[in-house]
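Q: Would you be able to build a 3D model of this:
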Amino acid sequence: MKILYTAALFVLLTLPVLAQWEAPPAPVVVAKANRGMIAPSVEVPGTVLSRFDSRLASELSAKIAWIAEVGTKVKKGEAVAKLDDINFRLREVEASSELKREQARVKFLRSEVKRLERLALDNNAAKSLLERTTSDLSVAESEEAIANARLGRAKVAMAVTEISAPFDGIVTERLRSIGERLNVADEVIRLVDPDSIEIVARAPLNTVHYLSVADELALRSDYGDGQAVVRTIVPFGNPQSHMFEVRLDVDSAAWTVGESVRVSMPTSNVRDVLTVPRDALVLRREGASVFMVTTESQVRRIPVITGMGSGPLIEVIGELTAGDSVVVRGAERLEDGMTVSVKPASGSD
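A: Numbering: from 1, shown residues only. From the prediction side, this is the model:
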């Protein structure tokens, strides 16, 4: 009996204390509901490519004397490979000697024609000899032109024994090794400019009609999100897949050549709608809803109907207006009427 009396007394003494204690406000992160122009979209795969990606080939038949290492950064005009040039040096010397010989011959025949022309005026030279010498001069001048062209070809051959970079870039692949003999048009080295990039994506037919040059589209990959600007839409589609090629400009600092991305493309015209972040949606058995934070730091559960989405945003229809604060983090345990404490967006739950 004494034990029961003691227990009852303890309960009576602690009731006022329990009545004064309340659960602390639930911590949440909020965002604003906004009106904006969005369109329903579909994600299509794309690839980050360099606009300058070349496999440089040999213009001569010769052995490789030197080739740049993979990873080497080069400027436009710098050598990326060199061919054995001894034979081409000899050809240049030979062509130069032939040209000098023809030039000497032309010089002699020109002076001879002038001499015979003076003699012919005094009837001291046969007209046939003058004509023959004039003909020989014409042939010699043609031979001089041919020799000059041969020397030009020899100089060009010497110049292309050094394979130069046509643009600033990085050597990404060596397709031949030192000592290998090349034929004309054999590929030697691959050069890529990592700073001049674009994204190539295939757009289905139901999106092409809603795309225009200079449109901004959302991008995402396993490593981040971003924006891209439509540079061109190739106006001819694949007849089997009904896909059209779209090329987009992006910030070269944010993406890597060869990276796979997902491009969000519209499938309808844009509309002015009320949107909230997708993270604000609470999906329960009774349907979708959001929790709006009132001026008294309490939450009110607002049932909503979802519409089209665009990236991280989704259209909602319900008793919300632009500017209302909705919970985007910490809504899982909330109930209608609970008091909350709003934290900065960078805070943890």
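Q: Which strand or helix spans Ala288?
A: Ala288 is part of strand 287-293 when elements are defined by DSSP states H and E.
Q: Return the alpha-carbon coordinates of that strand using PDB.
A: Presented in PDB, the C-alpha positions along strand 287-293 are these (Å, rounded to 0.1, in the frame of the first residue of the first chain):
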ATOM      1  CA  GLY A 287      -1.600  11.400 -52.900                       C
ATOM      2  CA  ALA A 288       1.100  14.000 -53.600                       C
ATOM      3  CA  SER A 289       1.500  17.100 -51.400                       C
ATOM      4  CA  VAL A 290       3.900  19.800 -50.300                       C
ATOM      5  CA  PHE A 291       4.400  21.300 -46.900                       C
ATOM      6  CA  MET A 292       4.100  25.100 -46.900                       C
ATOM      7  CA  VAL A 293       5.700  27.100 -44.100                       C
END
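Q: how far is it from where the chain is centred?
A: 40 Å (C-alpha atoms, centre = their mean, to the nearest Å).
Q: Now do the buried residues in it.
A: Using 16 or more other C-beta atoms under 10 Å as the test for burial, strand 287-293 gives Ala288, Ser289, Val290, Phe291, Met292, Val293. In this view, the C-beta of every residue, glycine as well, is placed from N, C-alpha and C.
Q: what's near enough to touch the first one?
A: When contacts are counted by C-beta atoms under 8 Å, 6 or more residues apart in numbering, Ala288 is found next to Leu281, Val282, Pro303, Val304, Ile305, Thr306.
Q: by contact count, what packs against the lengthiest helix in the chain?
A: If you go by DSSP state H, the chain has its longest helix at helix 86-121. Contacts defined by 3 or more C-beta pairs under 8 Å, 6 or more residues apart in numbering; DSSP states H and E place helix 86-121 against helix 127-159.
Q: Give the rounded mean pLDDT of the helix it packs on.
A: Across helix 127-159, pLDDT averages out at 93.
Q: Next SSE downstream of it?
A: Where DSSP H and E defines the elements, the next helix or strand beyond helix 127-159 is strand 162-164.
Q: Could you list every helix and strand in contact with whatever helix or strand comes next after that following strand?
A: The first helix or strand that comes after strand 162-164 along the chain, using DSSP H and E, is strand 169-174. When contacts are defined as 3+ C-beta pairs under 8 Å, 6+ apart, strand 169-174 packs onto strand 73-74, strand 187-192.
Q: quick one: contacts of the shortest one?
A: Contact partners of strand 73-74, identified using C-beta under 8 Å, 6+ apart, comprise Ala68, Val80, Ala165, Asp168, Gly169, Ile170, Val171, Leu191.
Q: gap between it and the chain center?
A: Put simply, strand 73-74 sits 19 Å off its chain's centre (C-alpha atoms, centre = their mean).
Q: returning to what we had before: which of the helices and strands packed on strand 169-174 sits most buried?
A: Across the helices and strands packed on strand 169-174, averaging neighbours per residue (mean count of other C-beta atoms under 10 Å) puts strand 187-192 on top, at a mean of 20.
Q: just the angle between that strand and strand 169-174, please?
A: 140 degrees (axes from the mean of the first three to the mean of the last three C-alpha atoms, to 10 degrees).
Q: Over to the closest residue in space to Ala254 that isn't next to it in sequence. Which of the three states is it?
A: Once flanking residues are discounted, Ala254 sits nearest to Gly226: 5.4 Å by C-beta to C-beta, 6 or more residues apart in numbering. The local conformation at Gly226, judged by DSSP: H, G, I helix; E, B strand; the rest coil, is strand.
Q: surely Gly226 meets Val250?
A: Yes. With contact defined as C-beta atoms under 8 Å, Gly226 and Val250 form a contacting pair (6.7 Å).
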